[in-house]
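Peer 1: below: sequence and its predicted model.
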Amino acid sequence: MASQRERTDAALNIVVKWRAHFAGWQLGTRLKGEPESDAVRDHRETTILLRVEVSALAQLLMAKGVFTHDEFLAQLETEARELCTAYEAKWPGVRAHEDGLTYDKRALPWMKGWRP
C-alpha cells in the first residue's frame, strides 16, 4: 500500500497537469521549451499548488476550531478589499468594480510602453 506521501505526490502531480491546459488557453498551442509558454506553465503550476495548499490549510484550521467558516469569509473580504486598495495605489488611475476595471487619465503616463 502506498504511503500518504506517495498518494499526496500522485494527486499533486495529476492536478498540476492542468497547467498545460491553462497555458494553451492563454497563449494558444505551444511546445514545451518555448520560453513564454514555459513561463506561463510555471506560473500556472505555482497558482494551482498554492490554491490546493491554502484550501487544505483553511479546511484543517476550521475543522480544528481555530476559526469558523464565517470568520474565514470575513477575513477573505478584508484581504480582498485591502489588496484592491494596494493595487489602486500602485496603479494610479485604475479601479476594479463588479463589471471589470476602469481606467482614467492618470493611467496614461505609465501605460505608454504597453503593447497595443
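Peer 2: Received it, and whenever you're ready, just let me know what you need. Numbering: from 1, shown residues only.
Peer 1: show me what counts as buried in the lengthiest helix in the chain.
Peer 2: When the chain is parsed with DSSP state H, its longest helix is helix 35-63. By 16 or more other C-beta atoms under 10 Å, the buried positions in helix 35-63 come out as 37, 40-41, 44-45, 48, 58. Using the backbone N, CA and C atoms, a C-beta is placed for each residue, glycine as well.
Peer 1: after that helix comes which helix or strand?
Peer 2: As assigned by DSSP states H and E, the chain's next helix or strand after helix 35-63 is helix 69-90.
Peer 1: what sits up against that next one?
Peer 2: Helix 69-90 has contacts (C-beta atoms under 8 Å, 6 or more residues apart in numbering) with 58, 61-62, 67, 94-96.
Peer 1: repeat that for stretch 31-50.
Peer 2: Here stretch 31-50 makes contact (C-beta under 8 Å, 6+ apart) with 12, 15-16, 18-20, 22-23, 26-27, 30.
Peer 1: so for residue 10, what's the pLDDT?
Peer 2: In this model, residue 10 is scored at 95, pLDDT.
Peer 1: identify the residues contacting it.
Peer 2: residue 2.
Peer 1: need the residue closest to the centroid of this structure.
Peer 2: Nearest residue to the geometric centre of the chain (C-alpha atoms, centre = their mean): residue 47, 4.9 Å.
Peer 1: sorry, back to before: let's have the contacts of stretch 31-50 in a markdown table, adding secondary structure, distance to residue 52 and neighbour count.
Peer 2: Below are the contacts of stretch 31-50 laid out as a markdown table (DSSP: H, G, I helix; E, B strand; the rest coil; distance: C-beta to C-beta, whole Å; neighbours: other C-beta atoms under 10 Å):
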| residue | secondary structure | distance to residue 52 | neighbour count |
| --- | --- | --- | --- |
| 12 | helix | 7 | 14 |
| 15 | helix | 6 | 14 |
| 16 | coil | 9 | 17 |
| 18 | helix | 11 | 13 |
| 19 | helix | 13 | 19 |
| 20 | helix | 17 | 17 |
| 22 | helix | 15 | 16 |
| 23 | helix | 18 | 24 |
| 26 | helix | 20 | 14 |
| 27 | helix | 23 | 14 |
| 30 | coil | 25 | 17 |
